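Colleague: predicted model follows, preceded by the sequence.
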Amino acid sequence: MPVEVPLSLREFGWKNDQLTIWHGQSIRNVLDGTPLSSRAWTVQERLLAPRTLHFLRNQVIWECYDLLASESDPEAGHLWERSFWADNIVTSDQELLWHTKWREVVAVFTQADLTYQSDKLIAISGIAKYISSTEIAKHIASLWPGNTPRYYAGIWGHCAEVSLLWYISGGTRGIADERAPTWSWGRRKGEVECYASMGHIQLLASVVEIKADSIGGDEFGPVDGGVIRIRGPISRVTLRFAEGNGAVVEGTGSRLRLRDWEFDDGAPLVAHDTNASAGLLLLGIAMDGDGDPFVTLQGLILVPTGQQRGEYVRVGYWMMEDSDHGLGDVDNMPQEARYGYFADKIGLSTLEKSHFEEDGEEKGVYTITII
């Protein structure tokens, strides 16, 4: 807030004139702290409007695709979340930027309030629809033969594997929309964080098929179920105990300490039930790092539905950091070597036929369905 102070300067003829002093808070933070910005529905209105004038108590703030400015700071800077999507200049790092900016949009959106939690996917659909129509989207589609930047309940198809690596970082947990599939963050209440880096990421899993059953035929709107068929390395583990956001699990002959172990509903009851927790599976999705100092492994925590062969629901996210890896840059690591690293650090399990759809040539690598 501004402070009004009297100022007298004889040289300029000022005598007890009022001087307005503005504190150092950025205008971006000022806007983000307004009641209107706390509502999820207005997030997409603010990002999509070509030009917006904000009338605050003490000044006017201007937003457009190129500039965020105010009376107190006429050249404050760019609102990059908007200018990036508006930019039609295609560069080699646009795919990386796509994921990074979408991650930021999801984080801001899920921190905002919704009166009806079931509106979660509807209230962000305008942003998703706009993004899919940009020149950047067309460029990225051209880099993925047979793929387009299709949208499935908050997940972009062209980077589906990495997009699955989200977790609840804060707020009230629980079910927001029970119609959404368990792999979609649109199903969950709370603040969502998506995995941040794609710089050195190497995939352990690959999505074979993804679909979401849209309601009313709008792929950007609410859904009533969805399926992902994914192939990747799997380890069956037993949860011994959870501590903070970490956990100790026992896998195939080893005890593992996982740095991040986020159950979507918070502390799991299975932590106190050895028989139930023995049904947990760790699906490896990706490894990341330049070898200095950490390499990370991460993926999803799954439990079988017991209804269909090889069918699972997501119950959480896991990540393990490894500083004693002996690896260099993982960028050019062959797929067989990635599986070997996963087997060495996490372990690979042999599943009964009822627990997978198809097995691969590599031990412990299976095709399963997540609903």
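Modeller: Here it is on my side, so go on. Numbers count the residues shown, from 1 in each chain.
Colleague: ok, for residue 151, nearest residue in space, not its chain neighbours?
Modeller: Spatial nearest neighbour of residue 151, chain neighbours left out: residue 128 (5.1 Å); criterion: C-beta to C-beta, 6 or more residues apart in numbering. For the C-beta atoms, the positions are set from N, CA and C on the backbone; glycine is no exception.
Colleague: what number of residues lie near the one you found?
Modeller: Per other C-beta atoms under 10 Å, the neighbour tally for residue 128 reads 19.
Colleague: how far does the strand or helix carrying it sit from the chain's center?
Modeller: Assessed by DSSP states H and E, residue 128 sits inside helix 125-132. What separates the centre of helix 125-132 from the centre of its chain is 16 Å, taken as C-alpha atoms, centre = their mean, to the nearest Å.
Colleague: what is the mean pLDDT for whichever helix or strand comes after that helix?
Modeller: Once the chain leaves helix 125-132, the next helix or strand it forms, by DSSP H and E, is helix 135-142. Per-region confidence: helix 135-142 scores 74 on mean pLDDT.
Colleague: and after helix 135-142, which helix or strand comes next?
Modeller: Following helix 135-142 toward the C-terminus (DSSP H and E): strand 151-152.
Colleague: pLDDT weak spots in the stretch 51-200 of the chain?
Modeller: Applying pLDDT under 70 to the stretch 51-200 of the chain picks out residues 75-96, 143-148, 196-199.
Colleague: re the thing from before, just the C-alphas of the helix holding residue 128, formatted as CSV.
Modeller: As requested, the backbone C-alpha atoms of helix 125-132 are provided in CSV (Å, rounded to 0.1, in the frame of the first residue of the first chain):
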residue,chain,number,x,y,z
SER,A,125,-10.9,-25.6,-20.2
GLY,A,126,-10.7,-22.2,-21.9
ILE,A,127,-6.9,-22.0,-21.4
ALA,A,128,-6.4,-25.6,-22.7
LYS,A,129,-8.6,-24.9,-25.7
TYR,A,130,-6.7,-21.7,-26.5
ILE,A,131,-3.3,-23.4,-26.1
SER,A,132,-4.2,-26.2,-28.5
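Colleague: on contacts alone, who are the packing partners of that helix?
Modeller: Helix 125-132 sits against helix 40-48, helix 94-111, with contacts defined as 3 or more C-beta pairs under 8 Å, 6 or more residues apart in numbering; DSSP states H and E.
Colleague: TSV for these, including distance to residue 169 and mean neighbour count?
Modeller: Listed next are these as TSV, based on distance: least, C-beta to C-beta, whole Å; neighbours: other C-beta atoms under 10 Å:
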stretch	distance to residue 169	mean neighbour count
helix 40-48	16	18
helix 94-111	8	19
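Colleague: wait, which of those helices is closest to residue 296?
Modeller: helix 94-111 (16.3 Å; C-beta to C-beta).
Colleague: how about the very next helix or strand once past that closest one as PDB, C-alpha atoms only?
Modeller: The helix or strand immediately downstream of helix 94-111 is helix 120-123, counting by DSSP H and E. This file holds the C-alpha atoms of helix 120-123, laid out as PDB (Å, rounded to 0.1, in the frame of the first residue of the first chain):
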ATOM      1  CA  LYS A 120     -12.100 -28.100 -11.800                       C
ATOM      2  CA  LEU A 121     -11.600 -29.300 -15.400                       C
ATOM      3  CA  ILE A 122     -14.300 -27.000 -16.700                       C
ATOM      4  CA  ALA A 123     -12.800 -23.900 -15.200                       C
END
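Colleague: contacts for helix 120-123?
Modeller: 40-41, 43-44, 109-110, 114, 153-154, 176-177, 180, 184, 186, 221-223 (C-beta atoms under 8 Å, 6 or more residues apart in numbering).
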